[in-house]
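> Structure for the following, please:
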Amino acid sequence: MKATETVFKNFLTQNKTQFVIPVYQRNYDWTTAECKQLLEDIIEVGNKMSNDDTHFIGSIVFIHDGVYTSSDVKQLVIIDGQQRLTTMTLLYLALYHFALANDMEEKAAEINETILINRFVKEDSSKLKLKQTDVNAKAFRFLMNDNSPSDYNEYSRIIDNFNFFYHTLNKDNFSIVTEGLNRLLFVEISLERGKDDPQRIFESLNSTGLELSQADLIRNYILMGLEPREQVRVFENYWEIIENNAKIENSQESKVSELIRDYLTLINKKIPNKSKVYEEFKLRFKKRDVDFYQNTLQTIKQYSVIYNKLLNPSNESDIEIQRELRSIKQLEINVSYPFLLPVYDDYITNEIDKNTFIEVLRLIQSYTWRRFIVGLPTNALNKIFMTLYTDVDRSNYLISLEKALVKKKGVQRLPNNSEVETTLKDKDLYNTQAKNRLYYFEQIEHYRNPERVDLSSVEITIEHIFPQNPDTKWRTDISEAEYKLFSEKYINTIANLTLSGNNGALSNKPFTEKRDMNKDEGRQGYIYSNLWLNEALKTKEVWNIEAYEERYKLLYDRFTSIWKYPSISITDNNDNEEYTLFDAPEPKHKKLEYYTYKDELIITKEFSKMYNHIITDLFTESPSKFLLTDLKETLGLTTDKDRPRSAHAINDTYFIEVNTDSNSKFNKLKKVLTAFELEDELVIKYEE
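Modelled structure (predicted):
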C-alpha cells in the first residue's frame, strides 16, 4: 500500500489513465446539498490570495492491477472515493459546457482533453477518463455528447448535480472555481492486488464514518475479490437481479439488507442484529468458492423473486394469492418472511398446491390478528417464525403447521375462540393504528362478498353508531344505564363501529334519523348502504344494549369464520411442545431436543450445557447483576474453583456450582431470567 498527498487536478490529468468504478460499488448518491457544500469550499479557497492556501478533500483508494486496455490505457479500480471523484468530474464537465457556451474554446478544450477524456485514445470504451456503472455511465455519456440535460428522459443524480453546477457558474465565479480546484489536495492510496487486502482496508475505511448499508458491504464482500470480468458476470447474473427484486417499487426503497437478514435467519435459525447482517454473512460464508457463487447466490436470487412479491403483492399474477399477500403486507407481518420464503418456494415448485398455500397465508394472519386482539406481545413472533418451517410435515403440510401453532404456550400461544370472544367485545379498535383498523374492516366487509369496495377511499370513514358526542335525544331513546355503558365502555368497540360514506351528515344524530336519512335525495342513511356492515342496522328500531349484543354476536361469528382457530385435535403429548421455563413440565427423567435463546436455536440434549451457556452469557453482559444481588448466593458464584463440588468457569475469575439436578438448574435459571427481564427469551423443547 502506498499513500501520497497529491493535488487533485494532477491526479485527474494523468495521461492514458481510466478511473474505473467497479460494479460492487454502491450507487452514486450525492445530492445537490453535498454538491453545494463542496462548491462553497472550492470558491472559498479559490478566493484566497496565497497559492499556499489549500483545501483537503479526503482520500481516494484504488487498486492498480497492472491491467491495461488494448489502447495501453492504465485502469485504476476505485474502491473508496467514488462519490467525490464522480462529483468533481461533474463539476469539470459543467465548467467545460459553460466554457463552450461563453466563447472560451481554448479553456473548454483544455478541460476536455486533460481531465474528461484520454485525447489520443481511439478506442471508445477507453476514451472517457471516468468509467462508471451502467446507469451513471449512460447519463454521463449523454452529457459528454453535448446534449441538453432537459432532454434526458430518465431520473439521474448525475443530471441533477450537473444542472446544479452548471446553473451556479457565471462569468464572475468561473475563474475562482477553476483556481479553487487547482488548490484541492487529497491522499491517494494505491493498493496492489495480491499484496494488499482491499476488503480489509475497505472495511477499515468504512468503520470510521462512511455510512454504507449492510447490503452495500455484502455486495463488496461478494464481488471485490474477483477479477474484473468475473465481477461483471457475477454482478449481472446474480447481484443486480437480487437488488432489482428486493425493492419496494413505488418508492424504490431497497430491502436487500432485509432479504439477506431473513435468509440468514432461515438457514442459521438465529436472527442477526440489523447492524450485524454483514458480519453474520461473512461468518456463515467464509469461503467464497465455486459452490458459493453457483449455489448460494443462486438460492438468494431465487428467494429474491419471492421477496419481490412479498414487498410488491401486485406482482403476483394469481389474484387470490395477491389478495392474501396484500393483507400480510398491510399488517406488516415482516417477521414472517423467513418462514414464508421457503413456503412460497414450495408453492412455486409444486410441493404444495394453491389452496394449501392460501390456507397457510390465512393461518399466519389468524395467528397474528388473534394475538393482536388479545394483546399478546409482538416481539415473541420473531422466534416463532424463525423455526416454524422446521415443523412442516410434507405429508400433512397445513395440519402440521396448525398443530405447531396450537401447541404454543404462554406468550407464544394462538388464542382460542373463548379467549377472543372475551377480549374482542371490549377491544378499543378505533384508537389503534390506521393499518389495523383498515385491515379489520376490509376483511369483515369483503368476506364472501364478490362486490368489493375500496375502503381506503377518503369518502368512506369510520362511523360511530352511538356517537362520540351524542345528540341530547339519545338520552330519551335509551336508558341511562345503557347510555353510560355506551359512553364509557362500548363507544370504540367493534359492535358500535361501522363504515359510511356520509359520516359528516349522520354526525351525532339519533339512531332512527341516521338509519333513514335521505336529505336532498342524498340517501345518506344506513338503509341505503350497500355495505354488509350496515345490513343488520337497517331493521333495528333502536340502538340499545340488546341491539349492540346482537350485532356483536353477528360480528364475532364472522370474525371466527375469517380468522379461524384450527379445527384439529391435539393429543396430550407434552414432550412434543415448546415451553418457556415458566410453563414447562418438570424436567425430571427428560432430555432436551433443543432450546431457543436470544433468537438462536441450539440443539443439545443436556440441561447442563443450556444452563452453563445462559449463565455465562448473562454474566458477561452484566457481572454487577450477579455480584451485587442475591443471584451470587443462588448460583454459588465464587472465585475459588476448588470450593464447589463441580466448578464451571464462567470467565477467567468466577466459577459456579453445576453439580445439581435438572430441577435445581431450572429454578436457578428462572431467577436469573426474571432478574434480566428475559422470561420469554428462553424456549425449550423436550425430546420425544
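> Quick check: closest non-adjacent residue to residue 413.
residue 376 (7.3 Å; Cβ to Cβ, 6 or more residues apart in numbering). C-beta here means a position set from N, CA and C on the backbone, and glycine is covered the same way.
> try residue 55
residue 45 (4.2 Å).
> wait, is that neighbour part of a helix?
Yes - in this structure, residue 45 lies within a helix as judged by DSSP: H, G, I helix; E, B strand; the rest coil.
> Correct me if wrong: it contacts residue 56.
No - with contact defined as Cβ atoms under 8 Å, residue 45 does not count as touching residue 56 (10.0 Å).
> So which of these two has more stuff around it?
Counted by other Cβ atoms under 10 Å, residue 45 and residue 56 do not tie: residue 45 has more neighbours, with 20 against 13.
> State the mean pLDDT of the helix or strand encompassing residue 345.
Element membership for residue 345 (DSSP states H and E) is helix 337-348. For helix 337-348, mean pLDDT rounds to 98.
> How about the contacts made by the residue nearest to residue 413?
Residue 376 makes contacts with 411, 413, 415, as judged by Cβ atoms under 8 Å, 6 or more residues apart in numbering.
> quick one: it from residue 403, how far?
19 Å (Cβ to Cβ, to the nearest Å).
> again with residue 518
Residue 518 is 53 Å from residue 403, by Cβ to Cβ.
> how much space between residue 130 and residue 90?
Distance from residue 130 to residue 90, by Cβ to Cβ: 9 Å.
> Next SSE downstream of the worst-scoring helix or strand of the chain on mean pLDDT?
Counting by mean pLDDT, DSSP states H and E, the weakest-scoring helix or strand in the chain turns out to be helix 198-206, with a mean of 62. As assigned by DSSP H and E, the chain's next helix or strand after helix 198-206 is helix 214-223.
> Can you list the neighbours in contact with the helix or strand hosting residue 664?
Per DSSP H and E, residue 664 falls inside helix 662-675. For helix 662-675, the external contacting residues (Cβ under 8 Å, 6+ apart) are 581-582, 584, 586-588, 590, 607-608, 611, 614-615, 618, 625, 629, 631, 634-635, 660, 679, 681-682.
> Of those, select the buried ones using a ChimeraX command.
Selection of the buried residues among the contacts of helix 662-675 in ChimeraX, burial being defined by 16 or more other Cβ atoms under 10 Å:
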select :581,584,587,590,607,611,614,615,618,631,635,660,681,682
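> Could you pull up the residues touching residue 498?
462-463, 465, 526, 531, 533-534, 537.
> which SS state does it fall under?
Relying on three-state DSSP, one would call residue 498 strand.
> Strands along the stretch 451-600 of the chain, start to end?
All strands of the stretch 451-600 of the chain, identified by DSSP state E, counting those that start in this stretch, fall at 461-464, 497-500, 578-580, 592-597, 600-602.
> and the third one, what does it pack onto?
Just to be clear, that refers to strand 578-580. Where contact means 3 or more Cβ pairs under 8 Å, 6 or more residues apart in numbering; DSSP states H and E, strand 578-580 is packed against strand 682-686.
> Parallel or antiparallel, list what pairs with the strand it packs on.
strand 578-580 (antiparallel), strand 592-597 (antiparallel) (DSSP bridges).
> pLDDT averaged over it - what is it?
89.
> between it and helix 662-675, how many degrees?
If you take axes from the mean of the first three to the mean of the last three Cα atoms, to 10 degrees, strand 682-686 sits at 160 degrees to helix 662-675.
> What are the contacting residues of strand 682-686?
With Cβ under 8 Å, 6+ apart as the criterion, strand 682-686 contacts 383, 412, 574-581, 584-585, 587, 590-597, 610, 614, 669, 673.
> make it 7 Å
383, 575, 578-581, 584, 590-597, 614, 673 (Cβ atoms under 7 Å, 6 or more residues apart in numbering).
> can I get the CA coordinates of it in PDB?
Output in PDB follows, covering the C-alpha atoms of strand 682-686 (Å, rounded to 0.1, in the frame of the first residue of the first chain):
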ATOM      1  CA  LEU A 682     -35.600 -19.000  26.600                       C
ATOM      2  CA  VAL A 683     -37.900 -21.600  25.000                       C
ATOM      3  CA  ILE A 684     -37.200 -25.300  25.300                       C
ATOM      4  CA  LYS A 685     -38.500 -28.500  23.600                       C
ATOM      5  CA  TYR A 686     -38.200 -31.900  25.300                       C
END
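> Tell me the secondary structure at the one residue sitting closest to the centre of the chain.
By Cα atoms, centre = their mean, the chain has its centre lying nearest to residue 258, at 4.4 Å. Under three-state DSSP, residue 258 falls in the helix class.
> what bits of the stretch 551-688 of the chain have low per-residue confidence?
Within the stretch 551-688 of the chain, the set of residues satisfying pLDDT under 70 comprises 571-576, 644-645.
> Would you state the helices of it in chain order?
Using DSSP state H, counting those that start in this stretch, the helices of the stretch 551-688 of the chain run over residues 607-621, 623-627, 631-635, 662-675.
> From the rest of the structure, what touches the longest one?
Outside of helix 607-621, the residues within contact range by Cβ under 7 Å, 6+ apart are 587, 592, 595, 597, 604, 626, 635, 648, 650-651, 654, 656, 658, 662, 665, 669, 672, 676, 682.
> Kindly report the same for the second one.
Helix 623-627 has contacts (Cβ under 7 Å, 6+ apart) with 619, 631-632, 637, 675-676.
> Which of those has the largest number of neighbours?
residue 619 (21 neighbours).
> picking that back up, tell me which of the strands of the stretch 451-600 of the chain is the most buried.
strand 497-500 (a mean of 22; mean count of other Cβ atoms under 10 Å).
> Now find how far off-centre that strand is within its chain.
33 Å (Cα atoms, centre = their mean, to the nearest Å).
> going forward, begin numbering at 53 instead of 1
Fine by me, first position is 53 from now on; the one you just mentioned is strand 549-552.
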